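Participant: 3D model of this:
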Amino acid sequence: MIDLYYWPTPNGLKVKLFLEEAQLPYRVIPVDLGRGEQFKPEFLAIAPNNRIPAIVDHEPPGGGAPLSLFESGAILLYLAEKIGRFIPADPRGRADVLQWLFWQMAGLGPMAGQNGHFRVYAPERVPYAIERYTKETARLYGVLDRRLADRDFIAGELSIADIACYPWIVPHESHGQRLADFPHLMRWFEAMSARPATGRTYEGVQDVYAKRGRDVPPQAVR
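Facilitator: Coordinates of the predicted model:
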């Protein structure tokens with residue numbers, strides 16, 4: 001059993017999507033970011049960076065005490081290696097998946113996150129920031145679009161690279177992007193959206209960037 005400390009943000013949805021695709025038994029433990037639950041001592045003991053998601057694996061490889069882990073990319077890599085799925089065993093395939101996983105962690109997620117912040121949650125409108133992050137999000141969409149021009153998934157077969165990227169493409173409208181401008185990305189996005197695991201993951205989930213009220217803090221969309 002895996003405990004998933006979760007809130008329905010793109011990073012939180014990554015891990016939930018993996019667990020649904022892998023059909024691993026898990027229990028969701030909500031961490032309400034709007035109420036500051038990410039700062040509670042019991043959560044900080046698992047996730048010292050006070051960000052979701054985090055997991056506790058009660059059956060880690062090799063046995064022993066439960067293993068806790070934070071950072072969504074590290075969690076995806078750990079779980080994929082644990083079950084031997086969604087990451088190739090051969091060195092070249094593995095390296096291909098990892099470079100795109102890190103691309104998402106270092107580029108797509110942070111840039112799209114800043115895009116959403118300045119478009120939705122910033123206390124004042126900053127045109128320069130909105131333009132900068134909207135253009136950078138579009139550039140990254142273009143990178144992914146070109147990558148998908150000759151393959152069904154980012155690294156050939158469905159992998160943690162796809163699982164990491166998909167939740168950051170979901171709020172494309174709130175990020176000022178038109179998927180029709182990126183036909184290969186749009187085809188991939190539609191295929192990912194049609195997967196049963198995706199349907200289960202997103203059931204009842206709303207786009208947090210579409211919420212224009214100020215009752216949800218900026219960290220709630222990470």
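
Participant: Helices of the protein, residue ranges please.
Facilitator: Along the chain, the stretches classed as helices by DSSP state H are 10-22, 41-44, 72-83, 91-103, 109-116, 127-147, 160-169, 183-193, 196-202.

Participant: And the fourth one, what's buried?
Facilitator: With burial defined by 16 or more other C-beta atoms under 10 Å, the residues of helix 91-103 counted as buried are 94, 96-98, 100-101, 103. (Glycine included, C-beta is placed from N, CA and C.)

Participant: contact partners of it?
Facilitator: 73, 76-77, 87-88, 143, 147, 154-156, 159-161, 164-165 (C-beta atoms under 8 Å, 6 or more residues apart in numbering).

Participant: what are the phi and psi angles of residue 174?
Facilitator: Here is the backbone geometry of residue 174 (degrees, to the nearest 10): phi -70, psi -20.

Participant: oh, I was asking about residue 48
Facilitator: phi -60, psi -10.

Participant: you'd agree it is up against residue 70?
Facilitator: Yes: contact criterion C-beta atoms under 8 Å: residue 48 and residue 70 qualify, at 7.1 Å.

Participant: which of the contacts of helix 91-103 count as buried?
Facilitator: The buried subset of these (16+ other C-beta under 10 Å) comprises 73, 76-77, 87-88, 147, 154-155, 159-161, 164-165.

Participant: Could you pull up the residues touching residue 18?
Facilitator: So residue 18 contacts 75-76, 79-80, 86, 160, 163 (C-beta under 8 Å, 6+ apart).

Participant: again with residue 201
Facilitator: Residues near residue 201 by C-beta under 8 Å, 6+ apart: 13, 16-17, 20.

Participant: For the residues you listed, please prepare CSV with the additional fields distance to residue 131, pLDDT and neighbour count.
Facilitator: Putting those into CSV (distance: C-beta to C-beta, whole Å; pLDDT from 0 to 100; neighbours: other C-beta atoms under 10 Å) gives the following:
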residue, distance to residue 131, pLDDT, neighbour count
13, 27, 98, 25
16, 33, 98, 22
17, 31, 98, 24
20, 36, 98, 21
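
Participant: how about a markdown table for those residues, with distance to residue 114 added?
Facilitator: Shown next, in a markdown table, are those (distance: C-beta to C-beta, whole Å):
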| residue | distance to residue 114 |
| --- | --- |
| 13 | 18 |
| 16 | 23 |
| 17 | 22 |
| 20 | 28 |
